[in-house]
Structures are given as structure tokens and as C-alpha cells.
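Visitor: just to be clear, the model below is a prediction. Sequence and coordinates:
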Amino acid sequence: MIGYEEFCEAKQVSERNWALFLESLTHSALYPLIILSVIVLGIASFRMKAIRNQVRGGDDIGSLATANRKLLVVRLAFAFSGLLFVFGTMDFGSAKMAALNSNCMSKAKQIAMAQIIYASDNDDKFVVAPNWVEPIIFYLGGSPAIVMHCRMAKGNQSYAVNSNLADRKVSTFEGPSSTVLVFESDTVSLGSQSDVAFDRHLDRANFGFADGHAHSASLKMSDGLMWTPKEGLGTGR
């Protein structure tokens, strides 16, 4: 017998996996090619059998020539269906990667929002400490085991908090939409730009910002992000 909490967590995992599957289909512009290739292959196989029977039973040259032309068309259909299947499969793989990246970005946003809500209840400051996850669990709106884990991560560590935000009041930030709050990392739970994991999503990583939004960026793009927040005039830490 499993407990109620274990049941709820298992149900949440199932719902998230199903949502991820549906999302991968919506990202796949060429996914119908896989279905089309199967249909073309089926029709071509049926016609191939009929034409071979015609060739075996044909006596005059005209009927044999016609059958051979039809056979050529069917062979081309086989080749075409193979190409459709290959392109469709390749695109489905890309769609899966896009869906995983979107799922990870959503989690980065969820974590950033949890930090913002926490700050509004706790002296206008984010949780910036090695054990930062525990204080915001109440604000996550989901199981920490799920929200805090990117499915492309190598280990259990998926996200880190920008250490440069320690002891800074959120209301004093200038440009919070450019200020990195959380980011993907394989090595630390508290760190800076050098700790970002760019190897999960085709040389890109997801970032959650101090205003609550999230987006992905490459290593080059991350140089333009604000890692040390600027504070307004007349304000202090």
C-alpha cells in the first residue's frame, strides 16, 4: 500500500510526462510525414504485388511494358516513403529536444516565481544559500523532486541560485528583467556565470530572472546578462 503523498506525487509525474508528450507533438511540424510514409509504403506494397502478378501472367509486349512502368513508379514510391520516414523521425527527435527544453524553462520560471513570492514574505530578499531549496518548497506549487530536476541533467543537481544576490533587497534592483536569479548547473547549488551548464540543450541553458520570467541563452548570449545586480540611487543593501 502506498501513502496518499506518494500517490499524489506519482499522479503528478504521470500528468507531467503526458503533457510533455503532447508538447513534443505540437513542436513537430513534420510529424505527419511519419504517418504519410507508412500510408505510402502500404499502398506501394499492395501495388507491387498486383504488378508482379500482371508481369508473370502477361504475354504481349505492350502489357509487359506498362507493367514495368508501373513497377518503376512503385519503386519510386518506396524510395519516397523512406525519405518521408527519415525526415519525420529526424524532426520528431528535434521536437522532443524542444519539448524538454521548454519543460526545463518552465521549471526555471517556476523556481524564480517561488523565490519572488518568498522574498515578498521575508524582508524583500531572495534565499541565497547552499540549502536554498528548502525555504521555498512551500512556494513552489509542486513536488520539489519534479520541479527542481531537469530531465536532461546528468545528476541530481539541476539548478543553482546566483550567489551575487545575497543580502540584496529585491526592490532596489535596477533592471530585474536582466538580472539572473536561477540558472542550470551540474556542479553547484549556489554559484555564478562560470557554473552554468550549457551542455543539456544543444549548447544553451535556461535562466530564471529576478522579475519572474525565464528564457534560454547560449554561452555568448549569457555574457550580456546581469549577474551582479545594479541598485537604485539612495538605496542600500
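Guide: Thanks, I have the structure now. Here the structure is a predicted model, which is why all the values come from computation and not from measurement.

Visitor: just the helices in the protein please.
Guide: Using DSSP state H, the helices found in the chain span residues 4-27, 32-57, 61-121, 133-140, 144-147, 219-222.

Visitor: domains in this protein, by residue range?
Guide: Under the assignment automatic domain parsing, the domains of the chain span 4-95, 111-231.

Visitor: comparing the helices of the chain by mean pLDDT, which bottoms out?
Guide: Among the helices of the chain, helix 4-27 has the lowest mean pLDDT, at a mean of 48.

Visitor: surely residue 153 touches residue 200?
Guide: Yes. At 6.5 Å, residue 153 counts as touching residue 200 under the criterion of Cβ atoms under 8 Å. For every residue, glycine as well, the C-beta is placed using N, CA and C.

Visitor: between these two, which is the more surrounded one?
Guide: Taking neighbours as other Cβ atoms under 10 Å, residue 153 and residue 200 compare with residue 200 leading, 22 against 18.

Visitor: and the more buried one, what is it in contact with?
Guide: Residue 200 sits next to 104, 150, 152, 153, 184 when contact means Cβ atoms under 8 Å, 6 or more residues apart in numbering.

Visitor: ok, now residue 107?
Guide: By Cβ under 8 Å, 6+ apart, the residues touching residue 107 are 147, 148, 149, 150, 158, 159, 206.

Visitor: let me know the closest of those residues to residue 172.
Guide: Using Cβ to Cβ, residue 159 comes nearest to residue 172 of the contacts of residue 107, at 24.2 Å.

Visitor: distance-wise, check that closest one relative to residue 225.
Guide: Taking Cβ to Cβ, to the nearest Å as the measure, residue 159 falls 15 Å from residue 225.

Visitor: same deal with residue 201?
Guide: 16 Å.

Visitor: since we're on residue 217, how many residues are nearby?
Guide: When neighbours are defined as other Cβ under 10 Å, residue 217 has 18 of them.

Visitor: that one pairs with what?
Guide: Partner residues in beta bridges with residue 217, using DSSP bridges, are residue 205.

Visitor: can you read off the pLDDT for it?
Guide: Among the per-residue scores, residue 217 shows a pLDDT of 93.

Visitor: that one and residue 209 touch, don't they?
Guide: No. Contact criterion Cβ under 8 Å: residue 217 and residue 209 do not qualify, at 10.7 Å.

Visitor: can you give me the distance of residue 139 to residue 187?
Guide: Applying Cβ to Cβ, the value for residue 139 to residue 187 is 25 Å.

Visitor: now swap in residue 180 and tell me
Guide: Using Cβ to Cβ, one gets 16 Å for the distance from residue 180 to residue 187.
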